[in-house]
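Engineer: got a sequence here, can you build the structure:
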Amino acid sequence: MKNSLREIALKHYGAFMVTLVILTFIVMTAAAREYINYTTIQSNINYQLEQQDYRSEKIAFEQNFLIPYLQSSSALFFYQHENSVLGSNEYVIHFEKSDQTTRTTMDTSRVEKVQTAWQSFFYRVKEYIREH
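Structural biologist: As a prediction, the model looks like this:
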């Protein structure tokens with residue numbers, strides 16, 4: 001019986017090796033699929049955790065800042081300014097680049113009376129607003 005098994009094994013050695021290679025390929029394919037499934041599950045878990053953190057931060061922002069901001073007395077004022085709506089006694093200031101001739105003809109007597117250039121600037125803005 002021993003000889004007959006050995007003879008059969010030697011006789012079908014090529015078929016045995018082909019079967020072994022095919023089984024190895026099938027097992028490797030299954031292992032690759034399992035690894036891909038594992039990494040996909042891990043990335044989905046990480047994505048869901050990130051989304052959960054984002055949602056909790058958004059809810060915290062809305063509860064701790066946005067709702068009190070919208071319920072405050074100055075919310076309308078800030079909301080109007082976000083949308084470029086002017087309130088009462090507010091004006092739009094347009095800055096224009098002046099040419100050299102305008103600079104030389106400007107009245108500098110007011111700058112000498114005021115201590116700083118900023119005060120002079122705001123004084124000129126007020127004068128411009130009064131004129132227009």
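Engineer: now the helix or strand containing residue 16: mean pLDDT?
Structural biologist: Using DSSP states H and E, residue 16 maps to helix 13-61. Per-residue pLDDT over helix 13-61 has a mean of 95.
Engineer: and it, what other elements does it pack with?
Structural biologist: Here helix 13-61 touches no other helix or strand, going by 3 or more C-beta pairs under 8 Å, 6 or more residues apart in numbering; DSSP states H and E. Quick note: C-beta positions are derived from backbone N, CA and C, even for glycine.
Engineer: so residue 77 sits right up against residue 87, yeah?
Structural biologist: Yes. Counting by C-beta atoms under 8 Å, residue 77 does reach residue 87; the two are 6.8 Å apart.
Engineer: ok, the two, which is more surrounded?
Structural biologist: residue 77 (12 against 9; other C-beta atoms under 10 Å).
Engineer: gap between the more buried one and residue 86?
Structural biologist: 11 Å (C-beta to C-beta, to the nearest Å).
Engineer: just residue 28 next, same as before
Structural biologist: 72 Å.
Engineer: same question, residue 49
Structural biologist: From residue 49 to residue 86 the distance is 46 Å (C-beta to C-beta).
Engineer: same question, residue 80
Structural biologist: Taken as C-beta to C-beta, the span from residue 80 to residue 86 is 8 Å.
Engineer: tell me how many other residues crowd residue 67.
Structural biologist: For residue 67, the neighbour count with other C-beta under 10 Å is 11.
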